[in-house]
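# sequence below, structure please.
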Amino acid sequence: MALRLTERVDLGVFYDADSARYDRRVLAVVTREAFRAFYAECPSVGFECDGLPIGGVIFDGEAPHIAVLPAWHGRWGRLLRPMLEWLYGLKHDMVVPVDDDNPQIRAFVERCGWPMVGRTADGALHRMTPGGARRVARVGNFCRSGDALPTGDASPAL
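Residues are numbered from 1 along each chain as shown. Sure thing, here's the model as predicted:
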């Protein structure tokens, strides 16, 4: 099984992976075409296994959006650090909203150890930094306080 990051996420696969958790009312507004148009210019990386797209991450300028096809949940872990290196190359400190009705991403954020720093009406806010997580999600050099230290080019070769 050959997992790798790709230069861009396949927006169709991302939509398929992410849209499964939404009801028909949401999907009537956020169509595949509207989704592609909205995220087309956002930085992204794809996740691929044996040449087939399985998901990826889109960065909207403030926070990442991660989606993986259900068959690949829990099976793309070797891509976590390279994905985080790419992401932290764009922004070192992010507050990420995690909806209460998204158990997969809640479990992922818990496993990574990103601390909750607040709440919204829809869920929790978690802070992502290169060193402010459990070992599984730490990248690069970091201080004990969790603040990132610059380490040069943090982006993986794609």
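# pLDDT weak spots in this protein?
Residues of the chain meeting the criterion pLDDT under 70: 140-158.
# which parts of the protein are helices?
Per DSSP state H, the chain carries helices over the ranges 11-19, 24-29, 32-39, 80-90, 103-112.
# kindly state the beta-bridge partners for the residue most central in space within the chain.
Residue closest to the average C-alpha location in the chain (CA atoms, centre = their mean): Ile66, at 3.3 Å. Counting by DSSP bridges, Ile66 is bridged to Val57.
# from memory it sits against Asp60, does it?
No: contact criterion CB atoms under 8 Å: Ile66 and Asp60 do not qualify, at 11.8 Å. C-beta coordinates here come from the backbone N, C-alpha and C atoms, glycine included.
# what sits against the residue nearest to the centre of the chain?
Contact analysis of Ile66 by CB atoms under 8 Å, 6 or more residues apart in numbering lists 55-57, 105, 108.
# Arg36 too?
Counting by CB under 8 Å, 6+ apart, Arg36 touches 11-12, 15.
# in JSON lines, list the residues you listed along with distance to Asp50 and neighbour count.
Formatted as JSON lines, those follow (distance: CB to CB, whole Å; neighbours: other CB atoms under 10 Å):
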{"residue": "Leu11", "distance to Asp50": "20", "neighbour count": "21"}
{"residue": "Gly12", "distance to Asp50": "18", "neighbour count": "12"}
{"residue": "Tyr15", "distance to Asp50": "21", "neighbour count": "21"}
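# I'd like the helices of the chain laid out as CSV, including distance to Ala71.
Below are the helices of the chain laid out as CSV (distance: least, CB to CB, whole Å):
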stretch, distance to Ala71
helix 11-19, 10
helix 24-29, 21
helix 32-39, 20
helix 80-90, 18
helix 103-112, 13
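# of all those helices, which one is nearest Pro70?
Closest to Pro70 of these is helix 11-19 (CB to CB; 7.2 Å).
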